[in-house]
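Enquirer: the sequence isn't on hand, but the structure is:
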């Protein structure tokens, strides 16, 4: 049996074209729907984020007064601590000499006595707080023997409190049957 | 080119333009906005966490500040704003007589204003005592109602003292100073 296509060629092509257009349209609509859904999801995400942001901002606003109060309290506390430290530092200044005098007695061996002591407080001139860093001491001493002088120097040099120990000339004079040694020693006392 | 082909190409080009429009005009700005919001939320969240921590620390901070206020009020009495020289002289006299110190001269000097937070009120002073009483006097006066400290003391054994004796008298000169708050 022979089948004969009596349709004109143009109509056949038009049919094929319509099928192609339908196929393309379905594809376009499908892609368009996906794009729309994706866009909608993104818009939903943005809306959620906006909501989250306004929720956080609302909470922050509620805590604003508390934060302000805490900041004020912190500033007050800093100020009070600075005052407390200042008073404590000045109070400790008053104890520098008594401590120094006690430390000096610890290193002064028997057999040495001093006739004169010049002291000068040392501060850092560049320091606006004028913190006392030490005492410069010039001591005129007497002794009946050189061993005591050596012990005294040893004690000064081995002490962590005293530095820059400089011994001046030792003058010896006869006093009855003893030799009286007269010397000057300079050193610094460290304030902690 | 046939009309049908042209139509097809037209549809494809129109779709391409739409896709470009979708990404450029709709999606890209939206994504930018989302990224910006995420960044903002991150920042605000951090601030919120800090604020919550601050809120939690408030009661303790209030307690600490109150305690500190009481301490400082007590300490500030030692460091007033006015010199009150008569009060200072009274303190020096009382403590010196307690330690059997004989003051031969006391002179008020000009106030030293070189420190940042306080001024010094110096007194040039000369007195006689022994080494131990001097140390006790200085330690005692440092813990009085007002703060006192000493500076540049010169100790000289007075003539007639016997060598090495603990009771030797010293002639002492130097500066004793107190403080006022600026």
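Expert: Looks like it came in fine. Predicted, not measured: the structure shown is a model, and the values here were computed from it. Numbers count the residues shown, from 1 in each chain, chains lettered A, B, ... in the order given.

Enquirer: can you pull out the helices in the chain?
Expert: In the absence of a named chain, this looks at chain A. Assigned by DSSP state H, chain A shows helices spanning A:9-94, A:96-107, A:146-158.

Enquirer: not quite, go with chain B.
Expert: For chain B, the helices defined by DSSP H cover B:3-21, B:28-76, B:85-98, B:131-141.

Enquirer: now for the third one, which elements pack on it?
Expert: Okay, so that is helix B:85-98. Packed against helix B:85-98, as judged by 3 or more CB pairs under 8 Å, 6 or more residues apart in numbering or on different chains; DSSP states H and E, are the following elements: strand B:102-108, strand B:118-129, helix B:131-141, strand B:148-157. To be clear about C-beta, it is placed using only N, CA and C from the backbone, and glycine gets the same treatment.

Enquirer: any buried residues in that helix, and which?
Expert: Along helix B:85-98, the positions that meet the burial threshold by neighbour count (16 or more other CB atoms under 10 Å in any protein chain shown) are B:88, B:91-92, B:95-96.

Enquirer: mean confidence score for that helix?
Expert: In this model, helix B:85-98 carries a mean pLDDT of 93.

Enquirer: repeat that for stretch A:166-173.
Expert: Taken as a whole, stretch A:166-173 has an average pLDDT of 93.

Enquirer: and stretch B:48-58, by the same measure?
Expert: If you average the per-residue pLDDT over stretch B:48-58, you get 92.

Enquirer: list the buried residues of it.
Expert: Of all the residues in stretch B:48-58, those buried under the rule 16+ other CB under 10 Å are B:48, B:51, B:54.

Enquirer: picking up where we left off before, CSV please, covering the helices of chain A and showing mean neighbour count and distance to residue A:137.
Expert: Rendered in CSV, the data for these read as follows (neighbours: other CB atoms under 10 Å in any protein chain shown; distance: least, CB to CB, whole Å):
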stretch, mean neighbour count, distance to residue A:137
helix A:9-94, 14, 17
helix A:96-107, 18, 8
helix A:146-158, 16, 10
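
Enquirer: including distance to residue B:107 and mean pLDDT, could the ones you listed go into CSV?
Expert: Putting the helices of chain A into CSV (distance: least, CB to CB, whole Å; pLDDT from 0 to 100) gives the following:
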stretch, distance to residue B:107, mean pLDDT
helix A:9-94, 20, 90
helix A:96-107, 20, 94
helix A:146-158, 34, 94
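
Enquirer: and of the ones you listed, who's closest to chain B?
Expert: helix A:9-94 (2.5 Å; CB to the nearest CB).

Enquirer: chain center to that closest one, what's the gap?
Expert: For helix A:9-94, the distance from its own C-alpha centre to the chain's C-alpha centre is 35 Å (CA atoms, centre = their mean, to the nearest Å).
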